[in-house]
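Peer 1: Just to be clear, the model below is a prediction. Sequence and coordinates:
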Amino acid sequence: MKVLVIGGGGREHAIAWRIAKSTKVTNIFIAPGNAGTINHGKILNVDLGENYNIKGLSKFAKDENIDLTIVGPEKFLVEGIVDFFESTGLSIIGPTKLAARLEGSKNFSKSFMLRNSIPTSSFRSFSSAVQAKQYIKNHKFPLVIKADGLASGKGVTIVHSLADGNLAIEDYLEKKRFGSSSTSIVIEEFVAGREVSFIALTDGKTIFPFPTCQDHKRLLDNDQGPNTGGMGAYSPVAFVDHNLYDRIIKEVIRPTIDGMKKEGSPYAGFLYAGLMISSNDEITVLEYNCRLGDPEAQILMMKMNGDFFELLNLASNKSLDKFNGHENFWDSRASLGVVVASGGYPENPKLGEKIEISSDMDINDDQLQLFHAGTDLKDGVLKTSGGRVLCFTVLEPNLFKAREKVYSGLIKVHFERMQYRQDIGENKEN
């Protein structure tokens, strides 16, 4: 079987790496891929150049007789790649354009949650800066201001005063910081608690839930600095016990899938719910994503023992209920990943730096992986080509040992102005 993975980040590297372990898969094409996926066993990078778009990807899949396509970046999902592929008879994992509005529009997703009694914070949507500023005058701080559209995980600002709120509103609505994605904004009530990433695969009926993860969005230690696409993650999350895990499925995941079907936009593919859990285990949905998270994908792929391709193939055929490989599909050990980013990230990453990785780095296929993201190989020299560069990911009996292994290993990686958080998974319970 032939597989196409769309994307070039750490998430896509990890997906391709895991799928390559399936005996059913002969070839994996990754478009465009990165330096970590160049001619790597079954994996082959594909540079489509100016044809790296929905039509170009579809033509490639047709020409190469691709059996299954997996979409990494949300942009293609929101633009309707699933609709286009399916209309030409190609098998693909992901939601349709209408269903992908769960991620593509914060206003749509928040309104959807209210209509379907899915727990979320109160909110208002604005396209007028004047009206938005008037609104926050009468509300307690902190408040959360979000760009309505896609912003690579960076379109969220927590404001603690009226002055900060006005500046954020001007930045989004008047200066159009995120272009067309910030022609409107959502202003939400701030919710305190502990964050959890909950991901499930669905064919529109059956749900296959993944282990819980905790992502770290802020750039700096102790959750300081600007929001990023994600600076590290770990799994499992100790405070999510079996009862809370089941409640998340019952109160969030199942009502989301049922609600989308009821509203005429059946949902299939990966469903990611970003959650806040209060001190008394109340659940609040912060956001939806319509694909695997990054860096959550890297740590989940490390924890996976089962045949990922088989699972995805059944889901694409609307036959997820026939999957019988549940036993030992997930490793019980802890997985942790730390993202290494370029200097200047997220606002202005410095690219083209030479990356040096010590020759005594003990890469172990099952317990330690260096997933590439913003990397390029030029004339045999490994260089940075993006904001997030690498994700150092391990699998160990517990988080303490996982942290120890990651941070002792990171000293063997170097490039100018590299940065990473020192506190991923610190002081956690498992």
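Peer 2: Looks like it came in fine. Fair warning: this is a prediction, and the values are worked out from it, not measured in the lab. Residues are numbered from 1 along each chain as shown.

Peer 1: alpha carbons only for contacts and neighbour counts from here, please
Peer 2: Noted.

Peer 1: got the contact list for the spatially most central residue of the chain?
Peer 2: Residue closest to the mean C-alpha point of the chain, counted by C-alpha atoms, centre = their mean, is Gly293 at 1.5 Å. Contact partners of Gly293, counting by C-alpha atoms under 8 Å, 6 or more residues apart in numbering, are Arg11, Tyr272.

Peer 1: Can you get me a residue count around Ile81?
Peer 2: Neighbour count for Ile81, taken as other C-alpha atoms under 10 Å: 23.

Peer 1: pLDDT value on it, please?
Peer 2: pLDDT, Ile81: 98.

Peer 1: swap in the one 10 residues further on?
Peer 2: Reading off the per-residue confidence, Ser91 sits at a pLDDT of 98.

Peer 1: what does Gln131 give?
Peer 2: Looking at Gln131, the pLDDT reads 97.

Peer 1: Kindly report the same for Asp362.
Peer 2: Note for Asp362: predicted pLDDT of 77.

Peer 1: same thing with the one 3 residues further on?
Peer 2: The predicted local distance difference test score for Asp365 is 69.

Peer 1: on that earlier part again, how much space between the residue nearest to the centre of the chain and Lys176?
Peer 2: 26 Å (C-alpha to C-alpha, to the nearest Å).

Peer 1: And for Trp17?
Peer 2: 38 Å.

Peer 1: How about His326?
Peer 2: Counting by C-alpha to C-alpha, the gap from His326 to Lys176 is 47 Å.

Peer 1: Show me which of these two is the more surrounded one.
Peer 2: Lys176 (16 against 10).

Peer 1: what's the burial count for the closest residue to that one other than its chain neighbours?
Peer 2: Leaving aside its chain neighbours, Lys176 sits nearest to Ser182 (5.8 Å; criterion: C-alpha to C-alpha, 6 or more residues apart in numbering). Residues contacting Ser182 under the criterion other C-alpha under 10 Å number 24.

Peer 1: In this structure Ser182 contacts Lys175, no?
Peer 2: No - judged on C-alpha atoms under 8 Å, Ser182 makes no contact with Lys175 at a distance of 9.1 Å.

Peer 1: check contacts around the nearest residue to Ile248 once chain neighbours are set aside.
Peer 2: Distance criterion C-alpha to C-alpha, 6+ apart; nearest residue to Ile248, sequence neighbours excluded, is Ile283 at 7.5 Å. Ile283 makes contact with Pro119, Ile248, Leu275, Met276, Ile277, according to C-alpha under 8 Å, 6+ apart.

Peer 1: how deep is Phe392 tucked in, by neighbour count?
Peer 2: 24.

Peer 1: ugh, wrong one, I meant Lys401
Peer 2: 15.

Peer 1: again, but for Val25
Peer 2: Val25: 16 neighbours (other C-alpha under 10 Å).

Peer 1: likewise His242?
Peer 2: 9.

Peer 1: Now name the helix or strand holding Arg247.
Peer 2: helix 242-248 (DSSP states H and E).

Peer 1: hmm, who's touching that helix?
Peer 2: Outside helix 242-248, the residues touching it (C-alpha under 8 Å, 6+ apart) are Asp281, Ile283.

Peer 1: Ala35 touches Gly380, doesn't it?
Peer 2: No - in this structure Ala35 lies outside contact range of Gly380 using C-alpha under 8 Å: 10.2 Å.

Peer 1: These two - which one has more neighbours?
Peer 2: The neighbour count for Ala35 versus Gly380, taken as other C-alpha under 10 Å, is higher for Ala35 (23 against 7).

Peer 1: which residue packs closest to the more buried one, ignoring adjacent ones?
Peer 2: Closest to Ala35 by C-alpha to C-alpha, 6+ apart is Asp376, at 4.8 Å.

Peer 1: cool, and Lys75?
Peer 2: In space, Lys75 is closest to Leu150, 7.5 Å off (C-alpha to C-alpha, 6+ apart).

Peer 1: Remind me which helix or strand the one you found belongs to.
Peer 2: Using DSSP H and E, no helix or strand contains Leu150.

Peer 1: Counting neighbours, what do you get for it?
Peer 2: 21.

Peer 1: measure it to Val78 for me?
Peer 2: 9 Å.

Peer 1: shared neighbours, those two?
Peer 2: Joint contacts of Leu150 and Val78 (C-alpha under 8 Å, 6+ apart) are Glu103, Gly104.

Peer 1: Can you name the next helix or strand after the helix or strand in which Ala168 is found?
Peer 2: Element membership for Ala168, per DSSP H and E: helix 162-169. Toward the C-terminal end, the helix or strand that comes next after helix 162-169 (DSSP H and E) is strand 185-189.

Peer 1: Quick one: mean pLDDT for the helix or strand just after that following strand?
Peer 2: Using DSSP H and E, the helix or strand that follows strand 185-189 in sequence is strand 194-202. Here strand 194-202 scores 98 as its mean pLDDT.

Peer 1: how about the helices in this structure?
Peer 2: 10-19, 54-63, 74-79, 81-87, 101-104, 106-115, 129-137, 162-169, 242-248, 254-262, 296-303, 308-316, 399-409 (DSSP state H).
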